[in-house]
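Peer 1: Just the structure for this:
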Amino acid sequence: MTDYKKILLELSAELASCLNYLQYSYDKVNRLKLDPASLDPETLETFEALVSRFARTTDIFIAQYLRSFAAQDDPAYRGSLVDTIYYAEKKNLITSAKVWIEIRELRNRIAHEYAAGDLKKIFDQVLDQTPLVLGLKSFFK
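Peer 2: All right, here's what the predicted structure looks like:
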């Protein structure tokens, strides 16, 4: 039998760490106030660190934490990832399933379609969504 309580505790600790690193990168990028389309390699690396940390944090939260929560709450639960996001909304873990589905879609674009021509759009979307993700910090201390 899977010990979901232990898994959730471990994921909570991992998420707390990920959120701290995401906050660091977000603060650093916000101090730069530069256009991602005209960045030097070092500054581009800073932006890419933010994108990577955003993708990792949201993946752990949605794909691992929310799924484990649903499985602990209802051992017979077998919903899709989208179903799991709606389940989390129903259980008041998140306030808007729609927003978290958009965040998941952004994470998927980062992982699968990250092309040089999309940098500005991806950076803008990550900068826009990161404060919402950082809102999880109060939950994962």
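Peer 1: At which residues are the helices of the chain located?
Peer 2: 4-32, 41-59, 67-73, 81-90, 97-112, 119-134 (DSSP state H).
Peer 1: Indicate which one of the ones you listed is closest to residue 140.
Peer 2: For residue 140, the closest of those is helix 4-32, at 4.3 Å, according to Cβ to Cβ. Where you see a C-beta, it was placed from the backbone N, CA and C, and this is true even at glycine.
Peer 1: So for that closest one, mean pLDDT?
Peer 2: Summarised as a single mean, pLDDT over helix 4-32 is 95.
Peer 1: Now the phi/psi pair for residue 79, please.
Peer 2: Backbone torsions for residue 79, taken as degrees, to the nearest 10, come to phi -70, psi 160.
Peer 1: per-residue pLDDT, it?
Peer 2: 93.
Peer 1: Next one: it relative to residue 58, how far apart?
Peer 2: Look at residue 79 and residue 58: by Cβ to Cβ, to the nearest Å, they are 18 Å apart.
Peer 1: More neighbours: which of the two?
Peer 2: Taking other Cβ atoms under 10 Å, residue 79 and residue 58 do not tie; residue 58 has more neighbours (25 against 14).
Peer 1: Does the more buried one touch residue 104 like I think?
Peer 2: Yes - counting by Cβ atoms under 8 Å, residue 58 touches residue 104, with 6.8 Å between them.
Peer 1: Pick out the residue nearest the middle of this structure.
Peer 2: residue 58 (1.8 Å; Cα atoms, centre = their mean).
Peer 1: give me every residue that touches that residue.
Peer 2: Residues near residue 58 by Cβ atoms under 8 Å, 6 or more residues apart in numbering: 103, 104, 106, 107, 133.
Peer 1: May I ask which of those residues has the most neighbours?
Peer 2: residue 103 (25 neighbours).
Peer 1: Double-check it against residue 132; I have them as touching.
Peer 2: Yes - between residue 103 and residue 132 there is a contact under Cβ under 8 Å: 7.2 Å.
Peer 1: quick one: residue 128 from residue 100, how far?
Peer 2: For residue 128, the distance to residue 100 - Cβ to Cβ - is 14 Å.
Peer 1: Which positions in stretch 79-95 come out as buried?
Peer 2: 84, 85, 86, 87, 88, 89, 93, 94 (16 or more other Cβ atoms under 10 Å).
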